[in-house]
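Engineer: quick check, what structure comes out for this input:
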Amino acid sequence: MREYDDLDATGLADLVRTKQVSPTELLAAARERIESRNPTINAVIRPMFTEAAKAIESGLPDGPMHGVPMVIKDLMADYAGVPTCSGCRLLEHFVPSEDSEIVKRWKRAGLVICGKTNTPELGIVGVTEPALWGATKNPWNLEHTPGGSSGGSGAAVAARMVPIAGAGDGGGSIRIPASNCGLVGLKPTRARTPNGPAIGEGWSGMTVQHVLARSMRDTAALLDITAGPDAGSLQAPVHPQTFASEVQRAPGKLRIAFTTGTLFGGDNHPECVAAVEHAVRMLGDLGHEVEAAVPEYARGDLIRAWMSIVAANVAAQVERAEAFAGRSANNDDLELLTRLSATLGRHITAARLMSHQHTLHVESRKVAAFFERYDVFVTSTVGRPPAKVGEFALSPVKQFLSRIAIAVPTRFSMSTTLDMMTTDPQLLAYPNTQLANLTGQPGLSLPLSTSSTGLPLGVQFLARFGDEATLLRLGAQIEQAAPWANRRPAIVG
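Structural biologist: This is a model prediction of the structure:
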């Protein structure tokens with residue numbers, strides 16, 4: 001099926017609808033590609049071909065994606081009867097008894113879930129290199145990372161194993177793999193898609209789930225499928241139209257701000273600067289009003305708040321994992337960075353955590369005021385081209401200091417740990433995505449540039465809280481002006 005590599009999910013669904021192919025044939029195509037391409041990439045850590053075949057045999061719902069194969073991230077997205085390990089040895093045998101709500105919605109749309117994808121331990125770092133499953137490789141260059149924490153999903157879609165894959169974003173984990181793998185990555189507005197029933201608000205509301213895709217129309221169609229609250233959850237502002245209809249509408253003349261710098265520290269790589277400048281010229285040619293401007297916010301306070309809130313949530317995640325395992329975690333159960341984050345989280349007082357939440361709310365309102373003047377804010381998605389696999393591993397000195405901090409968690413050592421995290425090379429490589437998680441705004445990464453070594457580079461577009469529509473319209477306009485559908489890594493052929 002040569003069409004399989006060429007078509008997005010919407011195109012494959014059309015083939016099924018017109019009876020040119022069957023869901024079984026699409027599953028066979030997905031299986032052939034996973035079995036032939038995955039061994040060198042390590043994106044899919046748990047094939048689910050038996051479950052997928054049973055779903056087809058039982059009769060798929062007549063939804064908009066009837067018969068289209070997809071894989072889901074092995075974190076947050078529970079599939080009843082299939083382990084959800086979250087990249088963690090303590091959870092290696094955790095088998096959920098019911099589907100997550102977002103998985104139910106994917107199934108109701110007729111999607112055929114045929115595997116689970118690799119993720120870093122508990123999703124806390126920006127590269128997908130867990131000790132449990134090993135590193136995922138970037139299909140564009142196997143020496144480089146697809147990023148994280150949805151790196152397995154990004155690699156699977158880039159390698160054309162499946163047209164779409166489930167993903168989650170708590171600090172850039174949809175947009176970073178999208179940039180590194182040449183994909184479309186939309187982080188929806190906070191609470192736009194469901195996290196329940198097992199999770200209320202991932203990372204205190206900063207995490208939202210959606211997909212990694214290759215086209216704007218798939219991105220919009222999948223948002224129509226999953227948008228809306230589940231029982232007992234908060235709700236993002238209701239959008240009166242379908243999201244799929246937005247990609248058919250012109251965006252009009254937008255007020256767009258941009259920066260070629262970074263949002264949370266470090267210097268932007270010259271190739272990332274060039275990617276933004278290229279996008280700015282394109283936006284001007286499309287008739288938009290574009291000017292250099294940056295929202296005002298307390299950068300140091302806000303990134304410390306993000307790190308602290310994440311650490312507190314990691315501590316709670318570890319407690320739940322220990323409760324499932326029926327024992328306290330030992331050094332072999334958790335990676336060093338996870339143990340360090342959990343230690344920091346356990347030593348953040350309730351008062352300090354609420355202070356960080358206050359900082360988040362105050363600074364988010366400053367950013368919201370900026371979006372009263374501008375419709376869209378443009379940055380590079382990442383601060384540098386994709387790193388090499390293993391490049392972000394802790395140095396021996398940092399490993400030593402981390403072990404001391406875990407063994408003797410004093411106020412000084414915890415403050416030093418937080419300082420170390422806010423100047424970590426990973427944050428300097430990925431300095432632009434966290435803002436949208438902190439404010440709850442939607443963010444979109446588009447594959448608009450390529451590095452000098454042939455690796456994809458994304459450009460990020462942020463919009464007002466609840467305004468995915470503007471991003472979808474603008475993204476569709478850019479996709480038409482500078483199409484990326486035919487770009488593919490050599491592994492696809």
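
Engineer: when you work out contacts or count neighbours from here on, use the C-alpha atoms and nothing else.
Structural biologist: OK.

Engineer: now residue 1: how far from residue 415?
Structural biologist: From residue 1 over to residue 415 the distance is 56 Å, taken as Cα to Cα, to the nearest Å.

Engineer: more neighbours: these two, which one.
Structural biologist: residue 415 (14 against 11; other Cα atoms under 10 Å).

Engineer: so the more buried one sits in a helix?
Structural biologist: Yes: counting by DSSP: H, G, I helix; E, B strand; the rest coil, residue 415 is found in a helix.

Engineer: could you pull up the residues touching it?
Structural biologist: Residues near residue 415 by Cα atoms under 8 Å, 6 or more residues apart in numbering: none.

Engineer: same check, this time on residue 359
Structural biologist: Residue 359 neighbours (Cα under 8 Å, 6+ apart): 301, 302, 305.

Engineer: could you list the low-pLDDT ranges of this structure?
Structural biologist: Along the chain, the model assigns pLDDT under 70 to no residue.

Engineer: circling back: which one of the contacts of residue 359 is nearest to residue 378?
Structural biologist: Using Cα to Cα, residue 302 comes nearest to residue 378 of the contacts of residue 359, at 19.6 Å.

Engineer: what helix or strand is that closest one located in?
Structural biologist: In the assignment (DSSP states H and E), residue 302 maps to helix 299-325.

Engineer: give me the buried positions along that helix.
Structural biologist: Counting neighbours by 16 or more other Cα atoms under 10 Å, one finds that the buried residues in helix 299-325 are 302-316, 318-319, 321-322, 325.

Engineer: distance to residue 254 for the contacts of residue 359 - can I get that in TSV?
Structural biologist: Output for the contacts of residue 359, formatted as TSV (distance: Cα to Cα, whole Å):
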residue	distance to residue 254
301	31
302	28
305	32
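
Engineer: closest one of those residues to residue 293?
Structural biologist: residue 302 (19.1 Å).

Engineer: I'd assumed residue 358 was in contact with the closest one.
Structural biologist: No: using Cα atoms under 8 Å, residue 302 is not in contact with residue 358; the gap is 10.1 Å.

Engineer: residue 380 and residue 270, how far apart?
Structural biologist: 11 Å.

Engineer: neighbour count winner among these two?
Structural biologist: Comparing residue 380 with residue 270 by other Cα under 10 Å, the one with more neighbours is residue 380, at 34 against 14.

Engineer: which residue sits closest to that one in space, ignoring its chain neighbours?
Structural biologist: Nearest residue to residue 380, sequence neighbours excluded (Cα to Cα, 6 or more residues apart in numbering): residue 459, at 4.5 Å.

Engineer: pull the number of nearby residues for residue 332.
Structural biologist: Residue 332 is flanked by 10 other residues according to other Cα under 10 Å.

Engineer: then residue 18?
Structural biologist: By other Cα under 10 Å, 9 other residues sit near residue 18.

Engineer: and the gap between it and residue 11?
Structural biologist: From residue 18 across to residue 11, the span is 11 Å (Cα to Cα).

Engineer: equivalent analysis for residue 287, please.
Structural biologist: Distance from residue 287 to residue 11, by Cα to Cα: 30 Å.

Engineer: of the two, which one has the most company?
Structural biologist: residue 11 (18 against 11).

Engineer: just how off-centre is whatever helix or strand that one lives in within its chain?
Structural biologist: Taking DSSP H and E as the definition, one finds residue 11 inside helix 9-17. Distance of helix 9-17 from its chain centroid, counting by Cα atoms, centre = their mean, to the nearest Å, is 25 Å.

Engineer: helix, strand, or coil at residue 245?
Structural biologist: Going by three-state DSSP: residue 245 is helix.
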